[in-house]
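Undergrad: task: produce atomic coordinates for the following.
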Amino acid sequence: MSGHSKFANIKHKKEKNDAAKGKIFTIIGREIAVAVKEGGPDPANNFKLATVIAKAKANNMPNDTIDRGIKKAAGEGGSVNYEYISYEGYGPGGTAIIVDTLTDNKNRTAANVRSAFTKGGGSIGTPGCVSFMFDKKGQIIIDREECDMAADDLMMTALDAGAEDFNEEEDSFEILTDPDEFENVRKALEDAKIPMLSAEVTMIPQNYVEVTDEDNVKCLQRILDLLEDDDDVQAVYHNWDE
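TA: This next block holds a predicted model:
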């Protein structure tokens, strides 16, 4: 996904109402709980937690909310029973979709995800059926208007910290990293006081599919909307060229 289209999608999501923001905070809160359970409450010694905190800050989650989530998860001990499950499938027009979920009820989540695909004329596939079409990367998006650093200096800061690629768009910068280098690059940008619109490890399509049929577009959007509204869904990746 080019930095421009990713930038537009992120800006659109951030401009949605408070209910959408509440959904994002719920998603991140669950991720914090699982990360603390798996690796402890100290982000300096827990890479997964550090990554989730970066995502939280990029989504404007207040620091005290983050801290409360960490403390609550650390105190709960074994009571956090969320499980990561990924689903892969096909949408209208030959599109590929990956759905990451975090759930305490696998049957409920599986039924909801399958229903979303069915209602939009798509279908669930077997594990691995479309994930080979995506690359797992750390991705940082920076709003050009919010960044005071010159593009060349920003690129060198990112590359020196371990970034793989730097893309300059009309209204944004996109920095790509190996997942293992993501936290180093993100921390370097944070130390340089670079505001980040988005900072996360994501799945980036190797190629994009253009959907021209109007009915297919409506059906595909229905699938994505239904998945986005599901509280168990953490992230949805697709190769639709919007």
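
Undergrad: which residues in this protein form helices?
TA: Using DSSP state H, the helices found in the chain span residues 3-14, 18-39, 47-58, 63-76, 106-119, 151-161, 182-191, 214-229.

Undergrad: worst average pLDDT in these?
TA: Among the helices of the chain, helix 3-14 has the lowest mean pLDDT, at a mean of 59.

Undergrad: follow-up on the earlier one: which one of the helices of the chain lies closest to residue 138?
TA: Checking the helices of the chain against residue 138 by C-beta to C-beta gives helix 182-191 as the closest, at 2.9 Å. Heads up, the C-betas are built off the backbone N, CA and C, glycines and all.

Undergrad: the closest one versus helix 151-161: what angle between them?
TA: Interaxial angle, helix 182-191 versus helix 151-161 (axes from the mean of the first three to the mean of the last three C-alpha atoms, to 10 degrees): 140 degrees.

Undergrad: re earlier: any idea which of the helices of the chain is most buried?
TA: helix 47-58 (a mean of 21; mean count of other C-beta atoms under 10 Å).

Undergrad: for that helix, name the packing helices and strands.
TA: Packing partners of helix 47-58 (3 or more C-beta pairs under 8 Å, 6 or more residues apart in numbering; DSSP states H and E): helix 18-39, helix 63-76, helix 182-191, strand 198-205.

Undergrad: to residue 116, which of those lies closest?
TA: helix 18-39 (15.2 Å).

Undergrad: and the closest one with helix 214-229, angle?
TA: Going by the same axes, to 10 degrees, helix 18-39 makes 60 degrees with helix 214-229.

Undergrad: dump the C-alpha coordinates for helix 18-39 into PDB.
TA: Only the C-alpha atoms of helix 18-39 are listed here, as PDB (Å, rounded to 0.1, in the frame of the first residue of the first chain):
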ATOM      1  CA  ASP A  18     -15.900   8.800  19.400                       C
ATOM      2  CA  ALA A  19     -17.500   5.400  19.100                       C
ATOM      3  CA  ALA A  20     -14.900   4.400  16.600                       C
ATOM      4  CA  LYS A  21     -12.200   5.800  18.900                       C
ATOM      5  CA  GLY A  22     -13.600   3.700  21.700                       C
ATOM      6  CA  LYS A  23     -13.300   0.600  19.500                       C
ATOM      7  CA  ILE A  24      -9.700   1.400  18.800                       C
ATOM      8  CA  PHE A  25      -8.900   1.800  22.500                       C
ATOM      9  CA  THR A  26     -10.700  -1.500  23.200                       C
ATOM     10  CA  ILE A  27      -8.600  -3.300  20.600                       C
ATOM     11  CA  ILE A  28      -5.400  -1.800  22.000                       C
ATOM     12  CA  GLY A  29      -6.400  -2.500  25.600                       C
ATOM     13  CA  ARG A  30      -6.800  -6.200  24.700                       C
ATOM     14  CA  GLU A  31      -3.400  -6.200  23.000                       C
ATOM     15  CA  ILE A  32      -1.800  -4.600  26.100                       C
ATOM     16  CA  ALA A  33      -3.300  -7.300  28.300                       C
ATOM     17  CA  VAL A  34      -2.000 -10.200  26.200                       C
ATOM     18  CA  ALA A  35       1.400  -8.600  25.800                       C
ATOM     19  CA  VAL A  36       1.800  -8.100  29.600                       C
ATOM     20  CA  LYS A  37       0.700 -11.700  30.300                       C
ATOM     21  CA  GLU A  38       3.200 -13.100  27.800                       C
ATOM     22  CA  GLY A  39       6.200 -10.900  28.500                       C
END
